[in-house]
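**Student:** please find the sequence and the predicted model below.
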Amino acid sequence: MAGGDGFEARVEPLLEPLRRFLARRTDPDTAEDVLAETLLVLWRRRDELPVGEGALPWSYAVARLCLANADRSARRRRRLAARVAVVDPPPSTTDHADHADHAGDPGDPRADLVAPALAALPATDAEVLRLWAWEELAPREIAVVLGTTANAVSSRLSRARTRLAAELARQDDAGAGHRPTTRGDR
């Protein structure tokens, strides 16, 4: 059945956007593993895969769920390793982060400014902003990814943009050693 239903032709335009979507959310190895899992799910559910514009948001929703599964598995492995380490500790340990925060496109100098601000936001705000700004999805497409309505996404997006702007301003003030001024301070 490989290729008989045009699956490869339908998935080809989705590959790079899915790869970037995942690379922005996890480490490179996990991103590739989750991409493979996502493609497997798309293959299994190829009869449900929308044709045209709806295919990418639908695929992002699948990738998001596959990434959540991978994250849960990683947490379980870490908890198991921690329990084993208590029973039989390794000769030496080092403290490394599991993966870097991939908050934006690699090489984009603005990513260094946005990453801490996004990390400070609630996860739902950060995700709706990523889908809007990085994946360039419209609210109706984001609604497909998140399983909600376009109106709800528009409201969330508006609130999230306001919170992001406030967080960026707060971090800018804190980083520069400034404090907000009031009329009486002048």
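**Tutor:** Happy to help now that I have it.
**Student:** buried residues of the helix or strand containing residue 19, list them for me.
**Tutor:** Taking DSSP states H and E as the criterion, residue 19 maps to helix 7-23. By neighbour count, with 16 or more other Cβ atoms under 10 Å as the criterion, the buried positions of helix 7-23 are 7, 10, 11, 14, 17, 18, 19, 20, 21, 22, 23. For glycine as for every other residue, the C-beta is placed from the backbone atoms N, C-alpha and C.
**Student:** just flag the most distant two among those residues.
**Tutor:** Spanning the widest gap among the buried residues of helix 7-23 are 7 and 23, at 23.3 Å by Cβ to Cβ.
**Student:** re earlier: ok, of the buried residues of helix 7-23, which one's closest to residue 73?
**Tutor:** Comparing those against residue 73 with Cβ to Cβ picks out residue 22 as the nearest, at 15.1 Å.
**Student:** give me the pLDDT for that closest one.
**Tutor:** Turning to residue 22, the model gives it a pLDDT of 95.
**Student:** leaving out chain neighbours, which residue sits closest to it?
**Tutor:** residue 31 (3.9 Å; Cβ to Cβ, 6 or more residues apart in numbering).
**Student:** mind checking how far the one you found is from residue 80?
**Tutor:** Counting by Cβ to Cβ, to the nearest Å, the gap between residue 31 and residue 80 amounts to 23 Å.
**Student:** who's more crowded, those two?
**Tutor:** It is residue 31, of residue 31 and residue 80, that has more neighbours when counted by other Cβ atoms under 10 Å, with 23 against 10.
**Student:** secondary structure class of that one, three-state.
**Tutor:** helix (DSSP: H, G, I helix; E, B strand; the rest coil).
**Student:** list the contacts of residue 53.
**Tutor:** With contacts taken as Cβ atoms under 8 Å, 6 or more residues apart in numbering, residue 53 has the following neighbours: residue 141.
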